[in-house]
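# No letters, just coordinates:
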């Protein structure tokens, strides 16, 4: 089963603030990192941890947990970084058949 994903290029400040809150970070966290692109990947815990591994090995992106209703239950990660690097991470996931 492939992971679901959403690619956000040039996320708005509001979008970044929402992501920062859902990651348990200060709402201005995106100002300290390169958030030109964000790839949200959702699925089963084992799958998204493997996706984080593949992504961070193939591209210069940061993998961050995005909390759902319960902070202990991870179902989504955000891969953030330069647009080209985020696209490279997506390509690596596609080549491994991890995302559709």
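Nice, thanks for sending it over. Model, not experiment: these values are computed from the prediction.

# Need the pLDDT of residue 93.
pLDDT for residue 93: 98.

# my read is it is in a helix, agree?
Yes: the assignment for residue 93 (DSSP: H, G, I helix; E, B strand; the rest coil) places it in a helix.

# That one reaches residue 99, doesn't it?
Yes: assessed by CB atoms under 8 Å, residue 93 is found in contact with residue 99 at 4.5 Å. (C-beta placed from N, C-alpha, C; glycine too.)

# Select the helix or strand of the chain having the lowest average pLDDT value.
Among the helical and strand segments of the chain, the one scoring lowest on mean pLDDT, DSSP states H and E is helix 13-22, with a mean of 87.

# Off-centre distance for that helix?
Here helix 13-22 is found 12 Å from its chain centre; the criterion is CA atoms, centre = their mean, to the nearest Å.

# what number of residues lie near residue 55?
Residue 55 has 27 neighbours, counted by other CB atoms under 10 Å.

# ok, now the one 10 residues further on?
Taking other CB under 10 Å as the criterion, the count of residues near residue 65 is 17.

# for the host helix or strand of it, packing partners?
Element membership for residue 65, per DSSP states H and E: strand 62-67. Contacts defined by 3 or more CB pairs under 8 Å, 6 or more residues apart in numbering; DSSP states H and E place strand 62-67 against helix 13-22, helix 45-58, strand 74-81.

# name the helices or strands packed onto the last one?
For strand 74-81, the contact count by 3+ CB pairs under 8 Å, 6+ apart identifies strand 37-42, helix 45-58, strand 62-67, helix 83-95 as packing neighbours.

# again, only this time at 10 Å
Applying 3 or more CB pairs under 10 Å, 6 or more residues apart in numbering; DSSP states H and E, one finds that strand 74-81 contacts strand 4-9, helix 13-22, strand 37-42, helix 45-58, strand 62-67, helix 83-95.

# Throw the ones you listed into TSV and include distance to residue 77, thanks.
Formatted as TSV, the helices and strands packed on strand 74-81 follow (distance: least, CB to CB, whole Å):
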stretch	distance to residue 77
strand 4-9	10
helix 13-22	11
strand 37-42	5
helix 45-58	5
strand 62-67	5
helix 83-95	11
